[in-house]
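S.K.: quick one, structure for this:
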Amino acid sequence: QVQLVESGGGLVQAGGSLRLSCAASGRTISDYAMGWFRQATGKEREFVAAIESDGRRTYYRDYLKGRFTVSRDNAKNMVYLFMNSLEPEDTAVYYCVAAKAYETLSYYADYWGQGTQVTVSA
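M.R.: Next up, the predicted model:
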C-alpha cells in the first residue's frame with residue numbers, strides 16, 4: 001500500500017504560481033510512476049501530468065504543457081507539481097496518484113491521495 005498526502009494548495013490570483021507537493025509513505029515511490037489529476041466542481045476528474053518512475057519521461061494534458069511541470073525526488077519519496085500562469089479555469093481539487101504502469105496513468109492509477117484545493121481568482 002502507498003499512502004499519498006498532498007499539500008500546497010490555496011488561493012492565488014490569476015497569473016500567479018503554486019507548487020503542490022505529494023508526500024508518499026508505505027512504499028518507496030521509485031517502484032511507481034507518479035502523477036496528478038484534478039477535478040473541478042461539477043466536472044469530471046481529468047488527468048494533469050505523469051512522470052516515469054525514474055523521472056526520465058513526463059507527459060501532460062495537452063493544453064497544460066508549458067504551464068505545469070511535474071517532478072519527483074525518489075530519495076525523499078516526494079512528487080511535485082509546479083503550476084505557473086494560473087487561470088481561474090485551473091480551480092479544482094488536485095490529486096496525487098501512483099501507478100504501476102506509466103503508459104496508462106492518464107486513465108488508471110493504483111493509489112490516490114485525498115486531494116488539495118487550488119482556487120484561482122480572476
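S.K.: list the contacts of residue 119.
M.R.: Contact analysis of residue 119 by C-beta atoms under 8 Å, 6 or more residues apart in numbering lists 9, 10, 11, 12, 91. Yep, even glycine has a C-beta here, placed from its N, CA and C like the rest.
S.K.: just the buried members of those?
M.R.: 9, 12, 91 (16 or more other C-beta atoms under 10 Å).
S.K.: wait, the last one sits on residue 122?
M.R.: No. Counting by C-beta atoms under 8 Å, residue 122 is not a contact partner of residue 91; they are 10.0 Å apart.
S.K.: that older thread, closest to residue 81 among the buried ones among the contacts of residue 119?
M.R.: residue 9 (10.2 Å; C-beta to C-beta).
S.K.: picking up where we left off before, and which of the contacts of residue 119 is nearest to residue 50?
M.R.: Checking the contacts of residue 119 against residue 50 with C-beta to C-beta, the nearest one is residue 9 at 19.5 Å.
S.K.: how near is that closest one to residue 75?
M.R.: To residue 75, residue 9 is 24 Å away according to C-beta to C-beta, to the nearest Å.
S.K.: many thanks, I have nothing further to ask.
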